[in-house]
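1. Sequence and predicted structure, then a few things I'm wondering about:
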Amino acid sequence: MFRRKPVKWDTANKICKGMGAHLASVHDKKENNFIKSLISTVPNTLVWVGLSDVHKKMKWADGTRVSYTNWDPGQPDNYMTWFSWVTGEDCGGLYNKGGKWNDSRCDRKYPFVCKAHVTGVN
Ligand SMILES: [Ca+2]
């Protein structure tokens, strides 16, 4: 489920939960491509998925482990302060052009993707 309205990561997470879903997790290239096609209709932007380290450890909003990554070259660029709550880029999204990932500040507002069922590995 793709929502175009840009919101903060936390808000997106709550909206997904309200629909009985979670911010999308991405466990393989197939899922990444699926989300990429889902979000291809919006202008160039980052789109939130369920990646965050707000619990001090990088994980998906649906509780699954991070086993597959598709970071844009040079990302996550806030890696050295990955554990910072204040200045860190602690939430993850996909670029809708190319489907590569970037970490960004959780209070930035982007469109987002929810996933109703946990599928794939893990
Ligand atoms: Ca970044």
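-> It's in.

2. Give the closest residue to residue 76 in space, chain neighbours not counted.
-> residue 103 (3.7 Å; Cβ to Cβ, 6 or more residues apart in numbering). From N, CA and C alone the C-beta is placed, and that goes for glycine too.

3. Strands of the protein, residue ranges please.
-> Secondary structure of the chain (DSSP state E): strands at 2-7, 22-23, 46-52, 59-60, 91-95, 101-104, 110-115.

4. Least confident of those strands, on average?
-> Note on the strands of the chain: strand 91-95 shows the lowest mean pLDDT, a mean of 86.

5. for that one, which positions count as buried?
-> Using 16 or more other Cβ atoms under 10 Å as the test for burial, strand 91-95 gives 91-95.

6. Also stretch 37-57?
-> In stretch 37-57, counting by 16+ other Cβ under 10 Å, buried: 38-39, 45-54.

7. what sits against the residue with the shortest distance to the centre of the chain?
-> Note on the chain: the residue nearest the mean C-alpha position is residue 49, at 2.1 Å, using Cα atoms, centre = their mean. Residues near residue 49 by Cβ atoms under 8 Å, 6 or more residues apart in numbering: 23-26, 35, 92-94, 101, 112-113.

8. Kindly tell me how buried the closest residue to it other than its chain neighbours is, as a neighbour count.
-> Spatial nearest neighbour of residue 49, excluding adjacent residues (Cβ to Cβ, 6+ apart): residue 24 at 4.7 Å. Residue neighbour count, defined by other Cβ atoms under 10 Å, stands at 29 for residue 24.
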